[in-house]
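A.B. asks: what follows is a protein structure lacking sequence information:
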């Protein structure tokens, strides 16, 4: 784990000087669904009740299969930690009428809540449920990739908190080169919609989601 | 999601009705002045035109109520480059300004004919692009149910149907016929002679769309009762229009006056379109999470 941590730090140290295009990597195969990332994000950003910038989606499917006198467990489940993917073609930025949603040169998509009118159009549009409405402040909010920490050379809160080290951040090009470019596993939409800056190592059961009526087990959180 | 969108239902229906009424009232004026004096046509065609402004204002106020930070509403026009919501707001403002100027000039007989014509053309262009912009706003690539050619077609159909019905009802209310020889009465009857059949045809088309939609989606609809109610209201509206058209052939002891038939048809159509718009929002289902 120390080696992986230092590799990640080294990766980020290398890419900072080269004008990175920030993104996330998630090792879905190793995620145990502890939601430490979710809690760390909520704590760091002081989010109110019902607002989640990072969500852990519980995916399950399949069923018990009878084989003669025996029953075989054909069910499966896995956890997918997802936040704003700071897309290369962010639909939230396209649709926002006030230009409250802007994208930095390093790819981080931010909401300026001094301009947001709370029309919630970005909430309609985003296929990752990233923009969340703050009922108290009456504006939209979302993951900002802890840009304040990044600017200090530190890691995002979710990455620091992950106990299984399944979350990484860095230049998305470097992450894809290292881990591949898979970014649309169930229940996420096709890449072509917004070109998300994220890549995954899928759970071994992801391939079964198409034929086994996979569903989200915690829709009320998403 | 859709249950919170009643302000948008009202905004879209009222605004589309306003644009539709302007287009029809302007057509009545343009066609009427070919056969009747300007003063007479003004008397008949101006009242529906005047109604356009309060409809537009009502729609705008309701839309502003939808914002949680209405004080920042002026910022909404700043992303014309990519946001159809910004463009819709711009077209709304342009339509509001041109129609207000045009109605003022027509009502108080100020300004040259060229200026009035220019404002009319501006209002027509901005009104039509407003309806188009309104429909494009919903055509998000992440919401397949809205991202079809049916969305702009339905929006334009609503505008035309409610526009024709609104003008017809206003003509029937404002035109008091003292005698058959009254020229104003003749003009109103001539106008209704094509607006009401046009409304009937549009109502029939809308009914066909609703029936088709009901057949395809009734079992999967989240609101089968609202869908059924919409169908009933659309049928009622069309029947009332047919009764108006066949009025001369009805028994003399029927209780509804022609004016009441048109008003009732308008009310039924507005309710049907409001329900239809609510059901449109109920179709919202986004790809992904």
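C.D. replies: All right, it came through fine. Predicted, not measured: the structure shown is a model, and the values here were computed from it. Numbers count the residues shown, from 1 in each chain, chains lettered A, B, ... in the order given.

A.B. asks: run through the stretch 51-200 of chain B and note the low-pLDDT ranges.
C.D. replies: Applying pLDDT under 70 to the stretch 51-200 of chain B flags the ranges B:175-182.

A.B. asks: nearest spatial neighbour of the residue in it that chain A sits nearest to, skipping sequence neighbours?
C.D. replies: Going by C-beta to the nearest C-beta, chain A is nearest to residue B:68 of the stretch 51-200 of chain B, at 3.1 Å. C-beta here means a position set from N, CA and C on the backbone, and glycine is covered the same way. Computed as C-beta to C-beta, 6 or more residues apart in numbering or on different chains, the closest residue to residue B:68 that is not its neighbour in sequence is residue A:118, at 3.1 Å.

A.B. asks: so that neighbour belongs to a helix, correct?
C.D. replies: No: read with DSSP: H, G, I helix; E, B strand; the rest coil, residue A:118 is coil and lies in no helix.

A.B. asks: pretty sure it contacts residue A:136?
C.D. replies: No: Residue A:118 is beyond contact range of residue A:136, at 11.7 Å (criterion: C-beta atoms under 8 Å).

A.B. asks: of those two, who's got more company?
C.D. replies: residue A:118 (22 against 8; other C-beta atoms under 10 Å in any protein chain shown).

A.B. asks: quick one: residues contacting that one.
C.D. replies: A:133, A:138-140, B:67-69 (C-beta atoms under 8 Å, 6 or more residues apart in numbering or on different chains).

A.B. asks: report the buried members of the residues you listed.
C.D. replies: Buried by 16 or more other C-beta atoms under 10 Å in any protein chain shown: A:133, A:139-140, B:67-69, out of these.

A.B. asks: ok, so of those, who is nearest residue B:11?
C.D. replies: residue B:67 (11.2 Å; C-beta to C-beta).

A.B. asks: quick one: contacts for the closest residue to that closest one other than its chain neighbours?
C.D. replies: Excluding its sequence neighbours, the residue lying closest to residue B:67 (C-beta to C-beta, 6+ apart) is residue A:117, at 4.9 Å. With contact set as C-beta under 8 Å, 6+ apart, residue A:117 has these partners: A:97-98, A:100, B:67-70, B:72-73, B:75-76.

A.B. asks: try 7 Å
C.D. replies: Contacts here follow C-beta atoms under 7 Å, 6 or more residues apart in numbering or on different chains; on that basis residue A:117 touches A:98, B:67, B:69, B:72-73, B:75-76.

A.B. asks: so how many other residues sit close to residue B:240?
C.D. replies: By other C-beta under 10 Å, neighbour count at residue B:240 equals 24.

A.B. asks: what's around the nearest residue to it once chain neighbours are set aside, how many residues?
C.D. replies: With C-beta to C-beta, 6+ apart as the criterion, residue B:240 has its nearest non-adjacent residue at 3.9 Å, and that residue is residue B:265. Neighbourhood size, residue B:265 [other C-beta under 10 Å]: 26.

A.B. asks: hmm, back to that, redo the buried ones among the contacts of residue A:118 as JSON lines? Include secondary structure and distance to residue B:114.
C.D. replies: JSON lines is the format used below for the buried ones among the contacts of residue A:118 (DSSP: H, G, I helix; E, B strand; the rest coil; distance: C-beta to C-beta, whole Å):
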{"residue": "A:133", "secondary structure": "strand", "distance to residue B:114": "49"}
{"residue": "A:139", "secondary structure": "strand", "distance to residue B:114": "47"}
{"residue": "A:140", "secondary structure": "strand", "distance to residue B:114": "47"}
{"residue": "B:67", "secondary structure": "coil", "distance to residue B:114": "39"}
{"residue": "B:68", "secondary structure": "coil", "distance to residue B:114": "44"}
{"residue": "B:69", "secondary structure": "coil", "distance to residue B:114": "42"}
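
A.B. asks: still on that earlier bit, now the contacts of residue A:117 as TSV including secondary structure and distance to residue A:196?
C.D. replies: TSV is the format used below for the contacts of residue A:117 (three-state DSSP; distance: C-beta to C-beta, whole Å):
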residue	secondary structure	distance to residue A:196
A:98	coil	23
B:67	coil	29
B:69	coil	28
B:72	helix	29
B:73	helix	31
B:75	helix	27
B:76	helix	27
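
A.B. asks: understood, closing this out.
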